[in-house]
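# Generate coordinates for the sequence data below:
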Amino acid sequence: MTIPHKAGGTRSERKHEAILDAAAALFLQHGYLGTSMDEVASRAAVSKQTVYAQFTSKDALFEAMVRRLTRAAGDKVQVGLGSPPDGMSLAAHLIGYAARQLEVVRTPALMQLRRLIIAEATRFPDLGRALYENGPGRAIAGLADVFAEWSAKGLLETPDPLAAASFFNWLIMGEPVNRAMMLGDEAVPDGAALERHAGEAVRIFMAAFAPAPSPD
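Next up, the predicted model:
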């Protein structure tokens with residue numbers, strides 16, 4: 001997973017980012033037990049002492065890497081919230097958001113991250129919470145805020161915006177993510193299939209939460 005970070009910075013900051021990049025590549029490929037601090041140092045082109053100066057232990061490096069990746073994925077999903085542009089229907093706006101969300105989640109690196117966190121849940125119990133809070137939890141909270149605004153404008157009828165946001169999120173994510181998690185990256189539907197899935201999820205959502213037509 002490529003993580004954008006600030007260009008430049010101090011020498012120490014550049015080393016910090018290089019170490020996290022190296023750790024992400026190695027942990028995702030080989031897992032926690034299969035990755036050594038020597039390998040991280042070599043890939044980052046720094047000394048092992050520098051790795052320990054930046055991160056006091058392998059556990060600390062692993063946790064920092066996971067939190068960085070989950071925040072970055074969450075940032076990508078949040079793009080595109082707000083009111084639909086002029087001339088665009090609410091349904092079309094939601095389909096665009098759903099398609100972007102699926103594009104982020106379907107990336108092999110994010111699937112690898114999910115599997116890695118599940119595999120290490122006993123060793124790092126807080127990381128599952130971090131993945132949820134920065135991923136679906138953050139997306140659902142953002143959607144709930146927007147749904148509340150849209151309901152106030154009469155665009156939706158969501159007496160419980162948080163529940164509606166949760167329903168919408170899992171209509172989109174449930175089947176594709178479970179398929180990828182259980183059957184492997186090759187089982188992720190292609191772009192066209194994911195677009196059809198997004199459209200159907202939005203259709204079902206709007207059937208439940210679109211405002212009732214005004215009586216004649």
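# pLDDT below threshold where in the protein?
Along the chain, the parts satisfying pLDDT under 70 run over 1-8, 74, 76-81, 214-216.
# Please tell me how far Thr35 sits from Pro108.
Here the criterion is Cβ to Cβ, to the nearest Å. By it, Thr35 lies 18 Å from Pro108. Bear in mind the C-beta positions are built from the backbone N, C-alpha and C, glycine included.
# ok, those two, which is more surrounded?
Thr35 (21 against 14; other Cβ atoms under 10 Å).
# OK, contacts around that one?
Neighbouring residues of Thr35 by Cβ atoms under 8 Å, 6 or more residues apart in numbering: 23, 26-27, 58.
# any idea whether it is helix, strand or coil?
What DSSP: H, G, I helix; E, B strand; the rest coil gives for Thr35 is coil.
# With Ala212 instead?
coil.
# Can you give me the neighbour number for it?
Neighbour tally, Ala212, other Cβ under 10 Å: 6.
# Tell me which residues touch the residue nearest to it when sequence neighbours are not counted, please.
The shortest distance from Ala212 to any non-neighbouring residue, by Cβ to Cβ, 6 or more residues apart in numbering, is to Glu157 (7.1 Å). Counting by Cβ under 8 Å, 6+ apart, Glu157 touches 151, 209-212.
# Closest to Gln112 out of those?
Phe209 (34.3 Å; Cβ to Cβ).
# Might one say that that closest one is in contact with Leu156?
Yes: Phe209 is within contact range of Leu156, at 5.1 Å (criterion: Cβ atoms under 8 Å).
# Quickly list what's touching both of the two.
In contact with both Phe209 and Leu156: 147, 164, using Cβ under 8 Å, 6+ apart.
# Tell me which stretches of the chain form helices.
Under the criterion DSSP state H, helices of the chain are mapped to 11-30, 37-44, 48-54, 58-78, 90-105, 108-119, 125-134, 136-152, 161-183, 191-209.
# and Pro84, which of these is closest to it?
helix 90-105 (3.5 Å).
# now the angle between helix 191-209 and that closest one, please.
130 degrees (axes from the mean of the first three to the mean of the last three Cα atoms, to 10 degrees).
# May I ask you to confirm that Ile118 is in contact with Gly128?
Yes: using Cβ under 8 Å, Ile118 is in contact with Gly128, at 7.4 Å.
# Show me which of those two is the more surrounded one.
A direct count of neighbours by other Cβ under 10 Å for Ile118 and Gly128 places Gly128 higher, at 15 against 12.
# Any figure for the gap between that one and Ala64?
16 Å.
# If you count neighbours, what's buried in stretch 143-160?
143-144, 146-148, 150-151, 155-156, 158 (16 or more other Cβ atoms under 10 Å).
# How about stretch 190-210?
Buried, per 16+ other Cβ under 10 Å, within stretch 190-210: 194-195, 197-199, 201-202, 205-206, 209.
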